[in-house]
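**Q** 3D model of this:
(one chain, ligands or ions: 1)
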Amino acid sequence: MKVKICGLKTVEAALHAAHEGADALGFVFARSKRQIYAEQAREIIQELPEGIWKVGVFVNETPEKIAEIAEIAGLTHIQLHGEEETSLYRKQGKEVIKSVSIKTEEDIDRIRQIEADYILLDSPPGHYKGGNGTKFNWELAAGLEVRNRVILAGGLNPENVKTAIQTVHPFMVDVSSGVETEGEKDLAKISVFIREAKGTREDEK
Ligand SMILES: O=C(O)c1ccccc1N[C@@H]1O[C@H](COP(=O)(O)O)[C@@H](O)[C@H]1O
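**A** This is a model prediction of the structure:
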């Protein structure tokens, strides 16, 4: 199972996640308590190993601004977490992850029309567009046939990630709030989350 740890703001937490086996790290450039700026992200990203995905999280940002931030920070992937028309963002030579809020069966049907390299399933927006720590009904996504492109997010934590994986069978799991304590990334929780996700046997249930 691939793992993305999102909302990183320090070199220490990012390096810890990378050393523990994370496959992708996320940097939030949208309105959020986890928002950072391009130069801050660059300071972190330049310390990271080559192969790990460096994902920029954006909400309704213009393609031009995203291209500028991606260049400064050294991003490898773009995560669109608003109401973006994905075709406008797919010309930048970076893989695009598009988030979809899941509330009903119809939201699952919509996924088939989305042009993106990966589809990120999240709960409906709360105070912010994402990163609110709330889960959706995973059973809605249990029958998805595009699982090799699905990233599961929304309210995951070290205690529930195993059940989440065994229900949805995604390509990757993504967590932010669930590996924090008092609003800061918790290194011990990051370690346990990665260990649980990577140690899960999908056919065990
Ligand atoms: O993490 C944020 O602050 C954030 C802000 C705006 C858009 C997306 C954001 N994060 C993404 O939200 C999901 C779920 O996070 P959580 O585990 O429920 O806290 C995840 O994909 C983050 O990448």
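
**Q** checking residue 164 next. Helix, strand or coil?
**A** Classification of residue 164 by DSSP: H, G, I helix; E, B strand; the rest coil places it in helix.

**Q** quick one: contacts for it?
**A** Applying C-beta atoms under 8 Å, 6 or more residues apart in numbering, one finds that residue 164 lies in contact with 135, 138, 152, 156, 173. Bear in mind the C-beta positions are built from the backbone N, C-alpha and C, glycine included.

**Q** make it 6 Å
**A** Contact partners of residue 164, counting by C-beta atoms under 6 Å, 6 or more residues apart in numbering, are 138, 152, 156.

**Q** who wins for neighbours among these?
**A** residue 152 (29 neighbours; other C-beta atoms under 10 Å).

**Q** any idea how far the nearest residue to that residue once chain neighbours are set aside is from residue 41?
**A** The spatial neighbour of residue 152 that comes closest, neighbours along the chain excluded (C-beta to C-beta, 6 or more residues apart in numbering), is residue 170 at 4.0 Å. Residue 170 is 25 Å from residue 41, where distance means C-beta to C-beta, to the nearest Å.

**Q** for residue 172, phi and psi?
**A** Here the main-chain torsion angles of residue 172 (degrees, to the nearest 10) amount to phi -150, psi 150.

**Q** does it really touch residue 6, like I thought?
**A** No - using C-beta atoms under 6 Å, residue 172 makes no contact with residue 6, being 11.1 Å away.

**Q** comparing those two, which residue is more hemmed in?
**A** Here residue 172 and residue 6 are set side by side on neighbour count (other C-beta under 10 Å), and the busier one is residue 6, at 24 against 20.

**Q** residue 103 against residue 124, yeah?
**A** Yes - using C-beta under 6 Å, residue 103 is in contact with residue 124, at 5.4 Å.

**Q** and the residue minimising distance to the centre of the chain, what is it in contact with?
**A** Note on the chain: the residue nearest the mean C-alpha position is residue 174, at 4.4 Å, using C-alpha atoms, centre = their mean. The contact partners of residue 174, by C-beta under 6 Å, 6+ apart, come to 4, 6, 151, 153.

**Q** did I read that right, it in a helix?
**A** No - remark: residue 174 does not belong to a helix; assigned using three-state DSSP, it is strand.

**Q** who wins for neighbours among the contacts of residue 174?
**A** Neighbours here mean other C-beta under 10 Å. Within those, the largest count is held by residue 153, at 29 neighbours.

**Q** list the buried residues for the lowest-mean-pLDDT helix or strand in the chain?
**A** For the chain, the helix or strand with the lowest mean confidence is helix 105-110, at a mean of 88 (criterion: mean pLDDT, DSSP states H and E). Residues of helix 105-110 classed as buried: 107, 108 (neighbour count, 16 or more other C-beta atoms under 10 Å).

**Q** rewinding a little: per-residue confidence for the residue nearest to residue 152?
**A** Residue 170 is assigned a pLDDT of 96 by the prediction.

**Q** ok, now residue 14?
**A** With respect to pLDDT, residue 14 has a value of 98.

**Q** again, but for residue 185
**A** For residue 185, pLDDT reads 98.
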